[in-house]
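Can you look at this prediction? I've put the sequence above it.
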Amino acid sequence: MTALLKKDLNSSNQYEVGLALYCISSISTPHLARDVVVDVVHLLNHPRAYVRKKAVLCLYKLFLQYAECLRPTYPKLKQKLEDGDEHADHDASVRGAVVCVLCELARRNPANFIGLAVPFYSLLSSVHSN
């Protein structure tokens with residue numbers, strides 16, 4: 001099962017990748033999450049915004065199943081919000097998904113995410129995001 005999902009994650013068809021991400025989100029177990037998290041994180045740099053957004057949302061479900069993957073993955077999510085960063089995502093749907101995921105994680109444990117105040121404020125106060 002994991003091999004088939006990994007194959008679909010590497011497909012050239014964005015909709016096959018999106019469907020694989022949706023499937024992973026729906027059936028995720030701690031073992032499956034551990035096996036596919038690296039592939040899902042790699043998709044954060046996919047050329048299509050559709051796939052990047054699905055990857056961000058899938059990561060939230062993986063974090064719930066396999067919390068150990070949050071620590072190494074968190075900086076990559078935070079980079080998607082920071083305007084000055086070369087890895088920042090300029091697509092509104094991807095940024096919205098990142099904000100939703102980080103807000104949900106912060107709701108569960110606010111003290112760990114206090115550092116997001118500055119990126120969230122700059123996102124809200126920037127002209128192009130309103």
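Okay, I see it.

use CA for all of it now, contacts and neighbours both
Will do.

what is the rounded mean pLDDT of stretch 10-22?
Confidence for stretch 10-22, expressed as mean pLDDT, is 96.

Buried residues of that stretch, list them for me.
Counting neighbours by 16 or more other Cα atoms under 10 Å, one finds that the buried residues in stretch 10-22 are Asn10, Gln14, Glu16, Val17, Gly18, Leu19, Ala20, Leu21, Tyr22.

Confirm for me that Thr29 is in contact with Gln65.
Yes - here Thr29 reaches Gln65: they are 6.0 Å apart, a contact under Cα atoms under 8 Å.

Quick check: which helices or strands does the helix or strand hosting Ser25 pack against?
In the assignment (DSSP states H and E), Ser25 maps to helix 14-27. Under the contact definition 3 or more Cα pairs under 8 Å, 6 or more residues apart in numbering; DSSP states H and E, helix 14-27 sits against helix 2-9, helix 30-42, helix 49-65.

rerun at 6 Å
Counting contacts by 3 or more Cα pairs under 6 Å, 6 or more residues apart in numbering; DSSP states H and E, helix 14-27 is packed against helix 2-9, helix 49-65.

buried set for the first one?
Read it as helix 2-9. By neighbour count, with 16+ other Cα under 10 Å as the criterion, the buried positions of helix 2-9 are Leu5, Lys6, Asp8, Leu9.

Make CSV from these and add distance to Arg48 to it.
CSV is the format used below for the buried residues of helix 2-9 (distance: Cα to Cα, whole Å):
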residue, distance to Arg48
Leu5, 19
Lys6, 18
Asp8, 15
Leu9, 13
